[in-house]
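K.L.:
fold the following, please.
(chains A, B, C and D)
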Protein chains: 4
Amino acid sequence: MLHLDFHPSGHHFLQIPGPSPVPDRLLRAMSLPTIDHRGPEFGALGLKVLAGIGAIVKTRHPVVVYPASGTGAWEAALSNTLSGGDQVLMYETGHFAAMWIKMARRLGLAPEVIAWSGTDEHVPQAPSWRRGVQPDMIEQRLRQDTDRRIKAVCVVHNETSTGVTSDIAAVRKAIDAAQHPALLMVDTISGLACVDYRHDEWGVDVTVGGSQKGLMLPPGISFNAVSPRALAAASTARLPRSFWAWDEIVAMNKDGYWPYTPNTNLLYALSESIDMLLGEGLDNVFARHERWGAGVRAAVNAWGLPIQCIDPKVYSPVLTGVLTPPGTDADALRRLIYERFDLSLGTGLGKLSGRMFRIGHLGNSNDLTLLAALAGCEMGLKLAGVPLAGSGVQAAMEYFAAHPAGAALKRAA
Amino acid sequence: MLHLDFHPSGHHFLQIPGPSPVPDRLLRAMSLPTIDHRGPEFGALGLKVLAGIGAIVKTRHPVVVYPASGTGAWEAALSNTLSGGDQVLMYETGHFAAMWIKMARRLGLAPEVIAWSGTDEHVPQAPSWRRGVQPDMIEQRLRQDTDRRIKAVCVVHNETSTGVTSDIAAVRKAIDAAQHPALLMVDTISGLACVDYRHDEWGVDVTVGGSQKGLMLPPGISFNAVSPRALAAASTARLPRSFWAWDEIVAMNKDGYWPYTPNTNLLYALSESIDMLLGEGLDNVFARHERWGAGVRAAVNAWGLPIQCIDPKVYSPVLTGVLTPPGTDADALRRLIYERFDLSLGTGLGKLSGRMFRIGHLGNSNDLTLLAALAGCEMGLKLAGVPLAGSGVQAAMEYFAAHPAGAALKRAA
Amino acid sequence: MLHLDFHPSGHHFLQIPGPSPVPDRLLRAMSLPTIDHRGPEFGALGLKVLAGIGAIVKTRHPVVVYPASGTGAWEAALSNTLSGGDQVLMYETGHFAAMWIKMARRLGLAPEVIAWSGTDEHVPQAPSWRRGVQPDMIEQRLRQDTDRRIKAVCVVHNETSTGVTSDIAAVRKAIDAAQHPALLMVDTISGLACVDYRHDEWGVDVTVGGSQKGLMLPPGISFNAVSPRALAAASTARLPRSFWAWDEIVAMNKDGYWPYTPNTNLLYALSESIDMLLGEGLDNVFARHERWGAGVRAAVNAWGLPIQCIDPKVYSPVLTGVLTPPGTDADALRRLIYERFDLSLGTGLGKLSGRMFRIGHLGNSNDLTLLAALAGCEMGLKLAGVPLAGSGVQAAMEYFAAHPAGAALKRAA
Amino acid sequence: MLHLDFHPSGHHFLQIPGPSPVPDRLLRAMSLPTIDHRGPEFGALGLKVLAGIGAIVKTRHPVVVYPASGTGAWEAALSNTLSGGDQVLMYETGHFAAMWIKMARRLGLAPEVIAWSGTDEHVPQAPSWRRGVQPDMIEQRLRQDTDRRIKAVCVVHNETSTGVTSDIAAVRKAIDAAQHPALLMVDTISGLACVDYRHDEWGVDVTVGGSQKGLMLPPGISFNAVSPRALAAASTARLPRSFWAWDEIVAMNKDGYWPYTPNTNLLYALSESIDMLLGEGLDNVFARHERWGAGVRAAVNAWGLPIQCIDPKVYSPVLTGVLTPPGTDADALRRLIYERFDLSLGTGLGKLSGRMFRIGHLGNSNDLTLLAALAGCEMGLKLAGVPLAGSGVQAAMEYFAAHPAGAALKRAA
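P.N.:
This is a model prediction of the structure:
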């Protein structure tokens, strides 16, 4: 039987920026027996989770839930709205943005990549990866597109590979300022339910979400929130699609069902997640992540290591990227920390391979979980011979002790 | 919190032909904490389940595991091997075959549908839905295709909508007899791990599998077993694909990893399922399902109701379709049975809507589970006013009592 | 890792009269992480379960919850209220009553056993085991006890070894009619939460309860509901006691805590059980069991086998004892049924060893569960060569179909 | 449904010295469906856990497993071997020793309490609570007992209330040196499976164990390991007993069964615990706890707070007691830490009430768990205004980094 016993004792610290630690309640809900996906009890469940995910994405329009992991929802966003050869303006904030670009190419689209191209001391190979989306660059490019060949603008809300949370409302303003009809597509896979996100208010046309980050589920479910304009685009888009096609799913979802077999047990977990998040209150959830991020950054600053995100206005409340000094193999460091301290950290992806590690501060966490993770990092950094300016754990302890969480402790007053 | 309490007491009888009842061990395995999908423990898990699923599909070639439900694996089979406009010979054995055909059309392929077209007393609207694939029809059609425009032959091994298990080895022989280069693609979503299946020996090029039937997992995982010829076809096929693309997955699977986030907790369940199935022995597993099917058919025969499958040579060991008399709304009957007896039965799909119900005999079942299901059917049929020739429960009891299971009871001798 | 795989496939049918099948919700609740039994969250849990168990026992007085299985609560009842050599009037309704008597002897009490002593065709060795408590015998004996040496009257409410549910209100009336001060102690281990029980209204002094029957928990928790008179008796009783002593437990329970470590995870299950039972409504719960009992007895009557309980007024809604014909080894029959059909039945205990089997109709059950169990019995009886008058399964199906459950199906109307 | 959500997010840190954090594997095993405690599968489970617990206690003699929490096993030890009025020599190492003494009195025994009575700077009210059992005091008292009125010597192996692990082999030597026939009874409830324990080799007559400490189960199971001499004593001991009586249990255990309903689901967890502990190797388990204790003590020393145990030779590897400065209410501190940091610490018990807190380092833990707990303590101490000499977290990080665990990481090399 399955053991998961590489470490003989103890609770593993899963501090990667997703999949995030899954709350015990979700794991139990997920283990209830599978029911008939065409029966009455399932229909009630379907309606409940569809309403709940809408509340979290903040939309009154359809949210399409796929029994597939997040990458699939990227493909769904593109293939439902676009046709072969279509031009797409895609902003490269990091590795996941770059992978979405690569996917667009594989699907036969013509992505045009823009990215901030100034100089960067620590990451000269990818300066745009340390900053958020620059809305003025988007506006400028769209203004130039006088014959409206650009069909969509694609941006990543919270770039999981770097720890940067871009300003989506500003991107919408930029598009509007250019009076450009391009659809706005946003990947908030790792942002959703950690940091505020407003599909309707921000005028997003397709929102791409996933289960294994702020929603705290295991991977296996992904989403498209779809604006009326995006739905209209789907009626003329010619990329071949079937599994990802919105039409039948949206139609059957009205009664809480799906045209093909949905991911029953992960929907149980989604139901429980919705109860937890809405029960706590989304604003409390967001404040919780902001506070965690501040504590973790206090630690990184105390170590004297550069935070991957260089612009405090767009620090991610979900994860913090930490650059390791030249000569330090970040992956060897991560392995050492994993083996010695039973802690998983995120790797440096793509252009940052071997040069960074990422600390997730999301999912089923609290102050002590994060302090434990920081202690694992600090011990590992020292064992790896990285010179540190001071104790990050100490700095984070000071931050957390000085800044009590806003939400009152339930019933324990 | 999630209750699943539409019925106030008791274990629900999930006797639809999938999702099948999930064994308790799998549900517990699935509820273990999510781990890092890029860490060492995951790699070991990945290698284990990939080897195991290969043993079950009986192939030495790659099996691609998708974090998506079964319908996705249909799309993967087509999009990895074919190009827009390609001609595909698809045999319509039932609703799922028809849905695969519909998908091929949506993806821009040119499916040519063949089906047995004789007359049928009970199901005149779909005579081919009561019989297995007719290999001679395939052979004949391929012989006519002298310029080899047909790129693939698609058949369903176990048609979930009808309860017919076609002879795949015979289909391969038919293709070979016609000396035709078309790829052979087989959907064994509901057959795999219930009835024998031999990817390599039968010369299948793409096998499509799913998790929620004989593997006894909840839905959410699907498979493509891929022959070297299919892999070669993928290098020239031009249908756009990214999420479903085999190349990167096969490459990364060598170390037990995936290019994007896999379905961690369902892989736990898959690991446990593999242990259970191989531990029992596949031949014992197959014999178990054969015996169940015989018992259930004894009941249907005793009731005097027609079995959907008219040819005893291709009776499915996975499910039995039962035709209701004209004037009996099979869905109203199913609803009555669900409400009164906490039993889910499969609905009549597509051309059989309202005219049949399906009894699944797969997953975490045993003689008494099936007798309970038959009792629920029998009481429901009587309450619905359907005249019955005799007691099906009695007939099944006689069958099960007279035919002990072959596999010895473990350790209890 | 733990497999529980003596049978290679399927859900085991646990139709013994307790431990009863545990609902999935309880098993999940029970698997939540253990918390500090002296912390605030535990205190809230403690208060909740103590209030809930009081509502189920129907008392406004203290209920002492032990982290020990049911036998322990018998000892608690005796040792808290009595002194060495005390005379106790104990009615022998069956094996559990006899075991309680044996315990009283081991503890140094002087039990006086009474029992109906007429003749019985089928069970001449234990005629009182086929009938309920005879209140007039108790009244008569107490009237003779003019010097009030009898300190307590002990009866079993639902005799798990026989399937007889005695009339406790009548026992109280008998004691009152004799104007005797003896305490009334009642074992309702297997009756509680299956059949109505009223600690306060019936004037019971000590009620003994357990977790693994109508409460549907695994074994490991037991109860004493304690009247003010019993509490007063405890202050003078001299049997040595410490673990079972009420005083400290009752005192600490005021805040939801226990003087020593309670059974945390089973209390989780108890909390869930209380929610389920009170959510359904106790009267619905009782009606459910009555209906099940009637269906099962219809089957036994159809077989033509004697029901152990000879008096229809005291048929147990919890279990039905079935006498096997002379020459049929009931335990060999049970073993055959277990091995062939994955069904556990209760054994014949004590004076009925080898002569009966017991069918539990309690816990997480429904009509189909019981029909499955009856099918297992019927097949087993035939395989064992027992001549049957007719089909019990058929009779039970007719009963269940003709008598719909009273409680409406939740939300599925 | 049960929520356990006093804290809205995160994994609770249960660092009390038991109940200890339960491994995920145990929680899942425990949630498997309850089986028939008289069936073949149960018998196999029973034999397995009885053999396993014997291996852990290191005895070839019977181990009696009770479906009751640990306090019950104290009562069992006394009531099986002694008679009313018997003199018992009991050493008071702390609160649990004192509670055992109190129990002996309640049961009608005549405990004679001995304890080290020197002066102690920090704990003048209970100097013996800072030291281990003094074997010479026992030897001296037994030598004086020339008419052999002392029937048993009772000591606590690992005193959970103080963090002191006494030398049991030395106690046996003392008894032997005095050539005294008294039985040796040892409570190792919190020591077992954390620190070496040898029932047979050390000549212990009755070992008292519990489930919720080193065995890592929830509370609800307890043990008596019983020497042949203790069994012999049981045949003449006259304290009333029934539930706790060894005779019937030992007899039925030969086949893996119990005379009354055992704690089925906790036995599942015990089975899993045995697999984990023996799989890791007991010596590795002990080394793990020793290392944890050293790290935690490094922290307490760095804070400059007194460790409750004053003698380094008997520092407990299971927990560390920390004395708070006069004027600091340790329970207010614990509450603050619980509310702010979701960490449970042990309270000061009995004579140490309000003056100490206890850090458990047992159960499902690892370096980061302990560092998190120490961080919670350190932040809490500062918030409570306790002056600290330095950072305990820093000291523990240094210790853990400098002292890698001995056992190699499984399969991850």
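
K.L.:
per-residue confidence for the residue in the stretch 301-413 of chain A that chain D sits nearest to?
P.N.:
Proximity to chain D, evaluated over the stretch 301-413 of chain A using CB to the nearest CB, is greatest for residue A:366 at 2.9 Å. Every residue, glycine included, has its C-beta placed from N, CA and C. Among the per-residue scores, residue A:366 shows a pLDDT of 98.

K.L.:
tell me, how many residues neighbour the nearest residue to it once chain neighbours are set aside?
P.N.:
When the adjacent residues along the chain are set aside, residue A:366 lies closest to residue D:10, with 2.9 Å between them (CB to CB, 6 or more residues apart in numbering or on different chains). Other residues lying near residue D:10 total 19 when counted by other CB atoms under 10 Å in any protein chain shown.

K.L.:
low-confidence stretches in chain A?
P.N.:
Where chain A drops to pLDDT under 70, the residues are A:407-413.

K.L.:
ok, the strand of greatest length in it near chain B or not?
P.N.:
Among all segments of chain A classified by DSSP state E, the strand with the greatest residue count is strand A:150-156. No. Where contact is defined by CB under 8 Å from any CB of the partner chain, no part of strand A:150-156 touches chain B; the two come within 14.0 Å at best.

K.L.:
outside of that strand, which residues touch it?
P.N.:
By CB atoms under 8 Å, 6 or more residues apart in numbering or on different chains, the surrounding residues in contact with strand A:150-156 are A:78, A:81-82, A:86-91, A:93-94, A:96-97, A:100-101, A:104, A:111-112, A:133, A:138, A:141-142, A:166, A:168, A:171, A:175, A:180, A:182-188, A:205.

K.L.:
and that strand, how far from the chain's centre?
P.N.:
Centroid separation between strand A:150-156 and its chain, computed with CA atoms, centre = their mean, to the nearest Å, is 17 Å.

K.L.:
that one pairs with which strands, parallel or anti?
P.N.:
Using DSSP bridges, the strands paired with strand A:150-156 are strand A:87-91 (parallel), strand A:183-187 (parallel).

K.L.:
output it as CSV, restricted to C-alpha atoms.
P.N.:
Once side chains and other backbone atoms are set aside, the C-alpha atoms of strand A:150-156 remain, and they are given as CSV (Å, rounded to 0.1, in the frame of the first residue of the first chain):
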residue,chain,number,x,y,z
ILE,A,150,-4.4,41.5,-32.5
LYS,A,151,-7.3,39.3,-31.3
ALA,A,152,-6.3,38.9,-27.7
VAL,A,153,-4.1,40.2,-24.9
CYS,A,154,-2.8,37.4,-22.6
VAL,A,155,-1.3,38.2,-19.2
VAL,A,156,-0.5,36.3,-16.1
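
K.L.:
in it, which residues are buried?
P.N.:
Residues of strand A:150-156 classed as buried under the neighbour-count rule (16 or more other CB atoms under 10 Å in any protein chain shown) are A:150, A:151, A:152, A:153, A:154, A:155, A:156.

K.L.:
same check on stretch A:314-326?
P.N.:
By neighbour count, with 16+ other CB under 10 Å as the criterion, the buried positions of stretch A:314-326 are A:314, A:315, A:316, A:317, A:318, A:319, A:320, A:321, A:322, A:323, A:324.

K.L.:
same list (those) but as JSON lines, adding distance to chain D and secondary structure.
P.N.:
Conversion of the buried residues of stretch A:314-326 to JSON lines gives the following (distance: CB to the nearest CB, whole Å; DSSP: H, G, I helix; E, B strand; the rest coil):
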{"residue": "A:314", "distance to chain D": "24", "secondary structure": "helix"}
{"residue": "A:315", "distance to chain D": "20", "secondary structure": "strand"}
{"residue": "A:316", "distance to chain D": "18", "secondary structure": "coil"}
{"residue": "A:317", "distance to chain D": "13", "secondary structure": "coil"}
{"residue": "A:318", "distance to chain D": "14", "secondary structure": "coil"}
{"residue": "A:319", "distance to chain D": "16", "secondary structure": "strand"}
{"residue": "A:320", "distance to chain D": "18", "secondary structure": "strand"}
{"residue": "A:321", "distance to chain D": "21", "secondary structure": "strand"}
{"residue": "A:322", "distance to chain D": "17", "secondary structure": "strand"}
{"residue": "A:323", "distance to chain D": "22", "secondary structure": "strand"}
{"residue": "A:324", "distance to chain D": "18", "secondary structure": "coil"}
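
K.L.:
closest one of the residues you listed to residue C:38?
P.N.:
Looking at the buried residues of stretch A:314-326 and their distance to residue C:38, the nearest is residue A:317, at 34.9 Å (CB to CB).

K.L.:
isn't that closest one up against residue A:286?
P.N.:
Yes. At 7.2 Å, residue A:317 and residue A:286 qualify as touching, with contact defined as CB atoms under 8 Å.

K.L.:
ok, residues contacting stretch A:3-11?
P.N.:
A:342, B:32-33, B:35, B:40-41, B:44, C:1, D:11, D:21, D:23-25, D:276, D:279-280, D:284, D:288, D:364-366, D:368-369, D:407, D:409-412.

K.L.:
which residues are in contact with the residue in chain A that chain C sits nearest to?
P.N.:
Taking CB to the nearest CB, chain C has its nearest neighbour within chain A at residue A:1, 3.5 Å off. Remark: with contacts taken as CB under 8 Å, 6+ apart, residue A:1 is in contact with B:25, B:29, B:272, B:275, C:1, C:2, C:3.

K.L.:
helices - which of the residues you listed land there?
P.N.:
B:25, B:29, B:272, B:275 (DSSP state H).

K.L.:
tell me how far the third one lies from residue D:171.
P.N.:
The one in question is residue B:272. With distances defined as CB to CB, to the nearest Å, the gap from residue B:272 to residue D:171 amounts to 47 Å.

K.L.:
for residue A:253, same thing?
P.N.:
71 Å.

K.L.:
kindly report the same for residue A:315.
P.N.:
Between residue A:315 and residue D:171 the distance, using CB to CB, works out to 60 Å.

K.L.:
identify the contacts common to residue A:317 and residue A:286.
P.N.:
A:194, A:195.

K.L.:
number of nearby residues for residue A:129?
P.N.:
Residue A:129 sits with 30 neighbouring residues when counted by other CB under 10 Å.

K.L.:
so what's it up against?
P.N.:
Under the criterion of CB under 8 Å, 6+ apart, the neighbours of residue A:129 are A:92, A:93, A:94, A:95, A:123, A:159, A:161, A:162, A:164, A:308, A:351, A:352.

K.L.:
enumerate the residues of the stretch 1-150 of chain A near chain C.
P.N.:
With CB under 8 Å from any CB as the criterion, the stretch 1-150 of chain A comes near chain C at residues A:1-3, A:24-25, A:28-29, A:31-33, A:40-41, A:44.

K.L.:
name only those of those that count as buried.
P.N.:
The neighbour-count criterion (16+ other CB under 10 Å) marks A:1, A:2, A:24, A:25, A:28, A:29, A:31, A:32, A:33, A:40, A:41, A:44 among the residues of the stretch 1-150 of chain A next to chain C as buried.
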